[in-house]
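Give me the fold of what follows.
(chains A, B, C and D)
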There are 2 protein chains.
Amino acid sequence: MKVLIVEDEQYLAEAVAQVLRKNNFDVDISLDGEDGFDNALSGVYDVILLDIMLPKMDGLTVLRELRNEEIFTPVILLTAKGETEDKVVGLDSGADDYLPKPFKTEELIARIKAVTRRRGEFRNEDVLSFGDLELDPLTFVLKRGGEKYSLTQKEARLLEYLITNKDIMLSSDAIIEKVWGYDSDAMDSNVQVYISFLRKKFAALGSEVRIKNIRNSGYILEYKA
Amino acid sequence: MKVLIVEDEQYLAEAVAQVLRKNNFDVDISLDGEDGFDNALSGVYDVILLDIMLPKMDGLTVLRELRNEEIFTPVILLTAKGETEDKVVGLDSGADDYLPKPFKTEELIARIKAVTRRRGEFRNEDVLSFGDLELDPLTFVLKRGGEKYSLTQKEARLLEYLITNKDIMLSSDAIIEKVWGYDSDAMDSNVQVYISFLRKKFAALGSEVRIKNIRNSGYILEYKA
DNA sequence: TTTGAGTTTAAGTTTGAATTAAGCCGTGTG
DNA sequence: CACACGGCTTAATTCAAACTTAAACTCAAA
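The predicted structure follows:
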């Protein structure tokens, strides 16, 4: 499995490379955006780990240019904390995942596997579904039967988080960390507002999916006919 | 919430401890690596704040040894600035987060919460069961066969206490101490009310589980087929 | 510069969990 | 027998959490 790391902090790149090599990955490193772009163009990599802050060409530009060139190698963005907006922009511009620094290597490996597996299996079809609803986390389109509804980014990411943890109760804090970002100072009321938005859109679609609140604890998805 | 601070700068350790105590944390301090390791071995802490530069045994060694000993208490590394290398190595050796010094106490608290919560998230569904009933103590959902019922927090905690002591008779006083808290001034009538609520919900589910009262003594769960 | 979608903040309202209070029932005792 | 006590249930109250709505703000696109 070939991995390209595009990361200007040489030490960090080497450290990650070392760990990956121990796990039988074949790793190359680019220290700036241009070099990374050139390497990635070859299309030989199974996955690209892409830093956002890079000399010569920033990561998001690299990503966009690659997709322009019809290179659809899976990309995992490495975001420094505080780049919350970048996360969103990144996913929007065609990244497959992002990983906030610092990260555990197990998590990195898990995501690499997830991202490559996904590609192998369904390429296009990573639609999330729960009950009678379907969410396309890339286009933020929510469907029920034939009817569609457009969600905003926040709504979509909140719903995505709820669906991917459908059996787990999620606290407001956990939701804020995941949807608003690690360093966000968003308050519970934000979550409340967006939960409310989602419920309204569920109702508009006539869905049987409910977002249940558990007092003093959190939220969980429910579906019953 | 019990926190262990392993930090050789005594004044810094005390300062942090003081702030944490104000936030209702129960804080212990170790001033060198060996002592920290010994304390951490007890496994009673919910999170460990670990300095890297330490007398007798450095933080990373402490961490590695702990993981060797199957102690998986979440660890937040405290790194002096410029210890970038340590960050990576540290995360690789099983730390859950790192925090560069100097840090704001709000941030420390936020990370402690994040790290302990994460642990809670992927804790496996430890569903309690008794007779024909199942209780998820996280979501307060009570099940019998396919049918579900939502309990309130108090109901769930009362039932949890009853189930985990299914062979023991529990006095009202014991129940109050456990469910309402040792400093509560709740009365027996309170317990009665909640016992009644539970029985009603058992009946609604058609369960064969009974809560038996023993006059002047207490309550105990019964199941008869 | 204006516009508007998306998001955040803030205010007012609703909900329901927890408590309290009141009355009923059954059992054991004088 | 009756009446007192422990236990049970239901009804009324309370108050913080959760919800909704609307207005304010932000920022990118026109």
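
Could you report the neighbour count for the residue in chain A positioned nearest to chain B?
Residue nearest to chain B within chain A: A:Ala15 (4.4 Å; C-beta to the nearest C-beta). (Each C-beta comes from the backbone N, C-alpha and C, glycine too.) As a burial measure, A:Ala15 scores 19 neighbours (other C-beta atoms under 10 Å in any protein chain shown).

Now do it against A:Gly131, distance only.
43 Å (C-beta to C-beta, to the nearest Å).

lowest-confidence helix or strand of chain A?
Within chain A, no helix or strand scores below helix A:84-92, which has a mean of 47 by mean pLDDT, DSSP states H and E.

So for A:Pro55, what pLDDT did the model give?
For A:Pro55, the pLDDT comes out at 82.

Near the closest residue to it other than its chain neighbours, how many other residues are there?
Excluding its sequence neighbours, the residue lying closest to A:Pro55 (C-beta to C-beta, 6 or more residues apart in numbering or on different chains) is A:Asp32, at 4.4 Å. A:Asp32: 16 surrounding residues under other C-beta under 10 Å.

can you check A:Leu49 too?
26.

For it, grab phi and psi.
phi -100, psi 120 (degrees, to the nearest 10).

is it true that A:Ser30 touches A:Gln10?
No. A:Ser30 is beyond contact range of A:Gln10, at 10.8 Å (criterion: C-beta atoms under 8 Å).

which of the two has more neighbours?
A:Ser30 (23 against 10).

Domain map for chain A?
A:2-122, A:128-223 (automatic domain parsing).

what's the least confident stretch among the ones you listed?
Across the domains of chain A, domain A:2-122 gives the lowest mean pLDDT, at a mean of 73.

Chain A against DNA strand D: which residues are in contact?
A:172, A:188-189, A:192-193, A:195-196, A:199-200, A:213-217 (C-beta under 7 Å from any atom of the strand).

Of all pairs in those residues, which one is the farthest apart?
Greatest spacing in these, by C-beta to C-beta: A:Lys200 and A:Asn216 (24.0 Å).

Spatially central residue in chain A, please.
Taking C-alpha atoms, centre = their mean, the centroid of chain A lies closest to A:Asp97, which sits 3.8 Å from it.

any idea how far B:Asp28 is from the closest residue to that residue other than its chain neighbours?
Leaving aside its sequence neighbours, A:Asp97 sits nearest to A:Ile76 (C-beta to C-beta, 6+ apart; 4.7 Å). According to C-beta to C-beta, A:Ile76 and B:Asp28 sit 39 Å apart.

number of nearby residues for the closest residue to A:Tyr194 other than its chain neighbours?
Excluding its sequence neighbours, the residue lying closest to A:Tyr194 (C-beta to C-beta, 6+ apart) is A:Leu158, at 5.2 Å. Residues near A:Leu158, counting by other C-beta under 10 Å, number 25.

sec struct for A:Leu158, please.
Three-state call for A:Leu158 (DSSP: H, G, I helix; E, B strand; the rest coil): helix.

show me what contacts it?
A:Ile175, A:Val179, A:Val191, A:Tyr194, A:Ile195, A:Leu198 (C-beta atoms under 8 Å, 6 or more residues apart in numbering or on different chains).

Which ones among those residues map onto helices?
Under the assignment DSSP state H, those contribute A:Ile175, A:Val191, A:Tyr194, A:Ile195, A:Leu198 to helices.

Okay, and the beta partners of the closest residue to A:Gly206 other than its chain neighbours?
In this structure, A:Gly206 finds its nearest non-sequential neighbour in A:Arg144, 6.8 Å apart by C-beta to C-beta, 6+ apart. In this entry, A:Arg144 is beta-bridged to A:Glu147, by DSSP bridges.

residues contacting A:Arg144?
Contacts of A:Arg144 by C-beta under 8 Å, 6+ apart are A:Asp132, A:Leu133, A:Glu134, A:Leu205, A:Gly206, A:Ser207.

quick one, phi psi at the third one?
Same thing as A:Glu134. Dihedral angles for A:Glu134 - degrees, to the nearest 10 - are phi -130, psi 130.

The nearest residue to A:Ile71 once chain neighbours are set aside and A:Glu69, how far apart?
Take A:Ile71 and drop its neighbours on the chain: the residue closest to it by C-beta to C-beta, 6+ apart is A:Gly43, 5.6 Å away. Separation of A:Gly43 from A:Glu69 (C-beta to C-beta): 9 Å.

if I pick the closest residue to DNA strand C within chain A, what's in contact with it?
Proximity of chain A to DNA strand C (C-beta to the nearest atom of the strand) peaks at A:Thr152, 2.7 Å away. Shown in contact with A:Thr152 (C-beta under 8 Å, 6+ apart): A:Phe140, A:Phe197.
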